[in-house]
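S.K.: After the sequence you'll find the predicted model.
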Amino acid sequence: MRYAWDLYYSYITEAGLIKGLKGALAKTALHYLRMWDVSTANRPDYFIANSNHIARRIKKTYNRSAEVIFPPVDVEKFPLSNSKENFYLTASRMVPYKRIDLIVEAFTQMRDKKLVVIGHGPEMEKIKQKAGANIEILGYQPDEKLVEYMQKAKAFVFAAEEDFGIIVIEAMAAGTPVIAWQRGGTGETVIDKQTGILFNEQSAASILNAVQRFEMEEKNFDSRFISKYASGFGRNIFEEKISIFIDKKLDEFYNNKIINHNK
């Protein structure tokens, strides 16, 4: 449904559906999909959002309030490492809204800084063409390799507007600071100058400036603190909050049932 709403134009552009019969059919289908979605918005008893960012979107689209419970992150899969090497990392599926192209463009202007890019997707060729000699594009990597690069990177760079951004928490679990756009879920999970650096524009210039600010603050980042902070997003925390939410709503339901019966 995210593609039917806020990623509508990105989706039809990426899929080559701007013009023609297929484009008209896709736009009509998405229109009716949005209509159906709104018509069903009053059926659920409750909404749970995976960030305040999404809670605001639910309120705007459906006019419904939502409880915020951050999703479970497998933080144990990304063990803390205090040994960092002299490179930056970004990892993502290479689709337009992830904006890997902006990160590559920014680092191409900083030839003294190495960037490692992990991931694959339809934007791969475009990104390769933008990349300078200081950028190493590895394509798809198995999980164990991703963990290894996460642990060794001096910082993880992220430029997308995400609902939550699980990979950002995974990087912090490994004790790696995050340089991220402050919009979306990452604006809620990355603490500026404590667990990373936030930048305020989705542009190469803003990323470049954020990297420079990071290097001024680099010695102040504590990998143990960052990893401990990330542990607060673990599966056990999620399960506890979901259980509390369900128990609370069940108690309300049965109490109301008793009250109505007594009436």
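M.R.: Received, thanks.
S.K.: Just the strands from this protein, written as ranges.
M.R.: Ranges of strands within the chain are 48-49, 67-68, 88-91, 115-118, 135-139, 155-158, 178-181, 196-199, based on DSSP state E.
S.K.: Please identify the buried residues of the longest one?
M.R.: Residues 135, 137 are the ones in strand 135-139 that count as buried (16 or more other Cβ atoms under 10 Å). (Each C-beta comes from the backbone N, C-alpha and C, glycine too.)
S.K.: Pull the residues that contact that strand.
M.R.: Where contact means Cβ atoms under 8 Å, 6 or more residues apart in numbering, the residues beyond strand 135-139 that reach it are 104, 107-108, 114-120, 124, 127-128, 131.
S.K.: for the third one, same thing?
M.R.: Strand 88-91 is contacted by residues 100, 103, 107, 113-119, 141, 146, 149-150, 153-159, 167, 171, 176, 179, 211 when judged by Cβ under 8 Å, 6+ apart.
S.K.: just the second one next, same as before
M.R.: Under the criterion Cβ under 8 Å, 6+ apart, residues 46-52, 54-55, 245 lie in contact with strand 67-68.
S.K.: Mind doing that once more with 6 Å?
M.R.: Counting by Cβ atoms under 6 Å, 6 or more residues apart in numbering, the neighbours of strand 67-68 from elsewhere in the structure are 48-49, 52, 55.
S.K.: Could you let me know which of those residues ends up closest to residue 195?
M.R.: Each of the contacts of strand 67-68 was checked against residue 195 using Cβ to Cβ; the closest is residue 52, at 17.4 Å.
S.K.: Kindly present the strands of the chain as CSV, with separate columns for mean pLDDT and distance to residue 207.
M.R.: CSV is the format used below for the strands of the chain (pLDDT from 0 to 100; distance: least, Cβ to Cβ, whole Å):
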stretch, mean pLDDT, distance to residue 207
strand 48-49, 96, 28
strand 67-68, 96, 28
strand 88-91, 98, 10
strand 115-118, 98, 11
strand 135-139, 96, 13
strand 155-158, 98, 7
strand 178-181, 98, 7
strand 196-199, 98, 6
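S.K.: I am finished for the moment; much appreciated.
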